[in-house]
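Peer 1: sequence and predicted structure below; questions after.
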Amino acid sequence: MIMDCSKKVGTIVILELLCLSVLVITSCCNAISCLESESQALLRFKQDLVDTSDRLVSWNNGRNCCDWTGVVCDNLTSHVIELHLGNLNDPNDDVIIPGKAFEGSRLSGKINSSLLDLKHLEYLDLSGNNFGGQIPGFLGSLQNLRFLNLSTAGFEGLIPSQLGNLTNLQYLDLHDILSGFLYADNLHWVTSLEQLQLLDLSGITLSQSSDWLQVTNSLPSLTVLRLSYCQLDPIPPPRNLNFSSLGTLDLSYNQFTNSFLFSWIFGLNSLVSLDISHNRLQGPFPDGLRNMTSLSYLSLAKNQFNSSIPNWLYSLNQLQYLNLASNNLQGTISENVGNLTSAYSLDFSYNNFTGAPLRSLGSLCSLRSLVLDGLKLSKNVSEVLESLSGCLSDSLESLFLSKCLLIGPLTNQLGQFKKLRNIYMPRNSISGPIPESLTSLTSLEAVDLSENQFNGTFPDWLGQLRELKILWIGENLLEGVVSEVHFSNVTRLRLLQASGNRLSLKVSPNWIPPFQLGVIALSSWNLGPSFPHWLRFQKDFVFMDMSSAGIVDTIPDWFWNLSSQFFYMNLSHNQIQGKVPGTLDTIPPLGYTSSIDLNSNSFEGSLPCLPSNVDTLDLSNNSFSGSISPFLCCKLEEPKNLGNLRLSENHLSGQIPDCWMSWQSLFSINLKNNNLSGSIPSSMGSLTLLQSLHLRKNNLSGVLPQSLQNCSSLLALDLSENKLEGSLPSWIGEKLSNIMIISLRSNHFEGDIPTTLCSLNYLTILDLAHNNLSGNIPKCFTNFSAMASKRNSSVPISYAFGHFKSSIETTLVVIKGILLEYSNTLRLVTNIDLADNNLSGEIPEEITNLLGLRSLNLSTNRLTGRIPKTIGNMGSLESADFSYNHLSGEIPPSISNLTFLSYLNVAYNNLTGKIPLSTQLQSFDPSNFAGNDLCGLPLRDNCSSINGVIPGADENREGEEDGFEVDWLWFFVSMALGFVIAFWSVAGSLLFKRSWRLAYFRMLDNVGNKIRGCFCH
């Protein structure tokens, strides 16, 4: 019986195996064929997409959809279960962020709801594309989804709560650092995703999502949580934390403080990876990390920790990645750092450490990246490399030694580090030639030796570095000729930054570079005189700086069509001629904006029409002519991103058009030194972001439009040398509360100076000279608090300038009668210039309370009274001009206290007395004191006639009784004068009247006879 049962079972098993074999053979012989309904759904999905790189070229009716690119079908059911349509190119793979390969392969368009027909879809990856608009809510109906990746896909707006219906979801990645236009009001919808293991919402604004910690704490299976760049608000943590499975936590780039974060995070002992960098954490090194012994990744960078590194940190021997950069950590890095034997990346940069244990670091045989930027090593660079050359020389791939106070030549020791891929040593004082030993580092991808003192020629062995992508050698002392031989094999070179050297590029006209540069920075090279023809083959650049390159030529037409994706183009300070195209086309990736700098050339013709994505345009100091209306009023229907407009020093004419309402992003306008006429248009008042307005030296007329009071962000206003008229409006002081610079000189303004100006607490330059202003100088000028104290900050006044630098405010100021231009040191300039008006009354003594004032010009007015006796309190004063007024009295003796005074002019007043003695006054030009009744050096009149004092006599004689003083000078003068008069009264009569002369001599004879008679008797 048992045997019969066994036979039956064996027979059944054999039959099942036969059936299974048939199925396998059938499936092998016949390819999986997708369902027609799903194939049509995919085609409808493709129909709404824009596929410029033909990624979906295989999607057509003639092929089985299971063979289409990115489509995965179930082997048994043939249902489409996975869609892999993420961008295969990482935006970080290129030195240009984002790379062209990434940008060029992004799908765009609309996500069709036909995806709902893929009812068995478990995996959907649409990452790295550029769809735009809101995340479709219908994606929440794909009930079988376990994996959803919509990261960096260009979505914006509110995250739909329908995603909470995906209850089978294990992986949800919505992060988008590139755009940052997604947000969520709350995260309550996440609570239903109980199977979620990974949640990445980095870059999504969650400032209104006060439930973020409570929600994420409720997910029992969560192992990876990334909430970087989310603008999270600290909230009280829940009483019972349930992050028992959490292994990775990233809360970087938020605004967390110690009290919030440390109250719960140190209890997460299961964490393997913790990133709390770029927050507001401060105080001593967090001791709570001591017990987190499972950590292999720890980043505390960009906080404000200010203690030394505790020794227990070096006992966390599981650490592989440690980043402590940019804190205020002090003391020394212990030699126990050598205990971190598992570490592959260490970053101690930009702290206050006193040196580093280089030999201990050199013993870390697993270390691949070492960052010591900003540490004051103060050593010879060869000594540093020798100390690091332990077993580290066999593993190190990246070495960062920027701003380490390194000196001496870079020797061949660098060649010992055979695996080096990245060398960064900028901003030191390393000298000598660039060593040839770099050629032995065959894996080199990035070299930065910029801002040192390297000399000699451009390395001719550069062509041997076949893997080189990045080369920074700018701002050194290199000189000589560079030829095509230098670049013979660097086919992968993407960034060449060599500006600031004395190099000349001499290549044949037919040279085709072997590389496609993304960054071309050759400022100060000699690339001319002809326009570089080799640029014709560089069609991938996003950054170009060929300023001051000795180009004396016209720009060929092909140049303007080279690259429409640039962020920054600078051809300034050459002698480039010709015209600019009618429209400048630029479409940088990811909707970024562009900067164009063509200043200081010889361009002519009309201004171009700008695309909407240019944020900075500098065409100043050229020969552009005609009206600015075609430029300013073209394509008004398009949104404008222009923030910085510089058209100064051209030949532009006509009226300023009233089209400014379309340029709401403008923060700086410079139209000075043109021939513009008419009034200032009222639409300029719509520029509420405007911080700098320069219309100097044109032919503008009329009154200041009242709408300008809406420009409440103004810091600098320069309308000098025009024909503007009317009274100074009171709203300048009432509405422009942030203004620092007001220059209205050389116009036709009249009336009193409004006292409302006195409320401008930030005002440092007030120039109202050469107008028709009248009345008194307001006593309330003493309220100019920015001038009341000494200014020591030399930080430039700057505005954002595209992506790569800033725009520094530049202002012309008349000081000591000379027109000077200030930019980098503008914050140090304090000036009040009211010269050449009709101001009357006395100089208010209150003005001497402006202890930080450096220049004061009140000349050519009708001021009366005395120079304030407390002028000596103005210790910062360097220049003072009171000339051509009706001032009286003496020059105050306290003026001798002004040790910084280098210019004083009091000419043509009614001043009297002696010029005070000081270390400077006697060295000034005598003409500065002319037209008064003054004496003393530097004048020739040495005051000898004042108070009867004999030059050189003691002015404080002793022995005088009752204050009586003999006027000895006049005594001798009178005696001599009496003698002369008496002598000539007698001698003159005898000389010219004969009868008197005869009588006189008879009298003498008679007198003589009588005398002789007396003696005879």
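Peer 2: Right, received. Where do you want to start?
Peer 1: which stretches in the stretch 401-550 of the chain count as helices?
Peer 2: Assigned by DSSP state H, counting those that start in this stretch, the helices in the stretch 401-550 of the chain number zero.
Peer 1: kindly report the same for the stretch 701-850 of the chain.
Peer 2: 731-735, 785-788.
Peer 1: tell me the contacts of residue 473?
Peer 2: Neighbour list for residue 473: 434, 447, 449-450, 454, 458, 497-498, 501 [criterion: CB atoms under 8 Å, 6 or more residues apart in numbering]. No exception for glycine: its C-beta is placed from N, CA and C like everyone else's.
Peer 1: show me how to select, in PyMOL, the buried members of those residues.
Peer 2: Remark: buried members of those, expressed as a PyMOL selection using 16 or more other CB atoms under 10 Å:
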select buried, resi 434+447+449+450+454+458+497+498+501
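Peer 1: so which of the contacts of residue 473 comes closest to residue 356?
Peer 2: For the contacts of residue 473, the minimum distance to residue 356 (CB to CB) is 20.5 Å, reached by residue 449.
Peer 1: let me see the contact set for the closest one.
Peer 2: 410, 423, 425-426, 430, 434, 472-473, 476.
Peer 1: repeat for residue 730
Peer 2: By CB under 8 Å, 6+ apart, the contact set of residue 730 is 754, 756.
Peer 1: at 10 Å instead, please
Peer 2: By CB atoms under 10 Å, 6 or more residues apart in numbering, the contact list for residue 730 reads 709, 754-757.
Peer 1: of the residues you listed - the most surrounded one?
Peer 2: Counting neighbours by other CB atoms under 10 Å, the top entry in the contacts of residue 730 is residue 757, with 23 neighbours.
Peer 1: got a list of what the residue nearest to that one when sequence neighbours are not counted touches?
Peer 2: Of all residues not flanking residue 757 in the chain, residue 733 sits nearest, at 4.3 Å (CB to CB, 6 or more residues apart in numbering). Each residue near residue 733 by CB under 10 Å, 6+ apart is listed here: 739, 742, 754-760, 763.
Peer 1: any chance of the residues you listed in TSV, plus distance to residue 92 and pLDDT?
Peer 2: Below are the contacts of residue 733 laid out as TSV (distance: CB to CB, whole Å; pLDDT from 0 to 100):
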residue	distance to residue 92	pLDDT
739	43	94
742	47	96
754	56	96
755	58	95
756	54	95
757	53	96
758	54	94
759	51	95
760	47	95
763	47	94
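Peer 1: which of those residues sit farthest apart?
Peer 2: Among those, the pair separated by the greatest distance (CB to CB) is 739 and 755, at 16.0 Å.
Peer 1: now do stretch 363-383: distance to the chain's middle.
Peer 2: Here stretch 363-383 is found 29 Å from its chain centre; the criterion is CA atoms, centre = their mean, to the nearest Å.
Peer 1: how about it: buried residues?
Peer 2: 363-364, 367-375, 377, 379, 381-383.
Peer 1: okay, and which of the residues you listed map to helices?
Peer 2: In this view, these that belong to helices under DSSP state H are 381-383.
Peer 1: from those, which single one is nearest residue 521?
Peer 2: Of all those, residue 521 sits closest to residue 381, with 24.4 Å by CB to CB.
Peer 1: am I right that that closest one is in contact with residue 423?
Peer 2: No. Contact status for residue 381 versus residue 423: not in contact, 11.3 Å apart, counting by CB atoms under 10 Å.
Peer 1: need the residues touching each of the two.
Peer 2: Residues touching both residue 381 and residue 423 (CB under 10 Å, 6+ apart): 401, 410, 414.
Peer 1: quick one, what contacts the last one?
Peer 2: Listed by CB under 10 Å, 6+ apart, the contact partners of residue 414 are 381-382, 385, 389, 393, 399, 420, 423, 425, 435, 437-438, 440-441.
Peer 1: could you do the first one as well?
Peer 2: Residues in contact with residue 401, defined by CB under 10 Å, 6+ apart, are 349, 370-375, 377, 381, 384-385, 388, 423-428, 430, 448.
Peer 1: from those, which ones fall inside strands?
Peer 2: Those of these mapping onto strands are 370-371, 423-424, 430, 448, per DSSP state E.
Peer 1: could you dump these into a markdown table with distance to residue 241 added?
Peer 2: Output for these, formatted as a markdown table (distance: CB to CB, whole Å):
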| residue | distance to residue 241 |
| --- | --- |
| 370 | 36 |
| 371 | 33 |
| 423 | 44 |
| 424 | 41 |
| 430 | 51 |
| 448 | 44 |
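Peer 1: residue 152: how many residues sit nearby?
Peer 2: 27.
Peer 1: how far away is it from residue 178?
Peer 2: With distances taken as CB to CB, to the nearest Å, residue 152 is found 6 Å from residue 178.
Peer 1: same question for residue 203.
Peer 2: Taking CB to CB as the measure, residue 203 falls 8 Å from residue 178.
Peer 1: what do these two both touch?
Peer 2: Common neighbours of residue 203 and residue 178, counting by CB under 10 Å, 6+ apart, are 151-152.
Peer 1: now, among the contacts of residue 473, which is nearest to residue 62?
Peer 2: residue 497 (50.1 Å).
Peer 1: quickly list what the closest one is bridged to.
Peer 2: Following DSSP bridges, residue 497 is listed with bridge partners residue 472, residue 521.
Peer 1: residues contacting it?
Peer 2: Per CB under 10 Å, 6+ apart, neighbours of residue 497: 448, 450, 470-475, 519-523, 543, 545.
Peer 1: try it again with 8 Å
Peer 2: Listed by CB under 8 Å, 6+ apart, the contact set of residue 497 reads 450, 471-474, 519, 521.
Peer 1: so among those, where is pLDDT lowest?
Peer 2: For those, the weakest pLDDT value sits at residue 519, with 92.
Peer 1: separation between that one and residue 592?
Peer 2: Residue 519 sits 15 Å away from residue 592, going by CB to CB.
Peer 1: these two - which one has more neighbours?
Peer 2: residue 519 (22 against 18).
Peer 1: was I right about residue 808 contacting residue 821?
Peer 2: No. Using CB atoms under 8 Å, residue 808 is not in contact with residue 821, being 11.5 Å away.
Peer 1: so those two - more neighbours on which side?
Peer 2: Using other CB under 10 Å as the criterion, residue 808 and residue 821 rank with residue 808 on top: 13 against 9.
Peer 1: OK, contacts around the more buried one?
Peer 2: Listed by CB under 8 Å, 6+ apart, the contact set of residue 808 reads 796-798, 823-824.
Peer 1: and it, bridged to which residues?
Peer 2: Beta bridges link residue 808 to residue 798, judged by DSSP bridges.
Peer 1: thanks a lot, see you next time.
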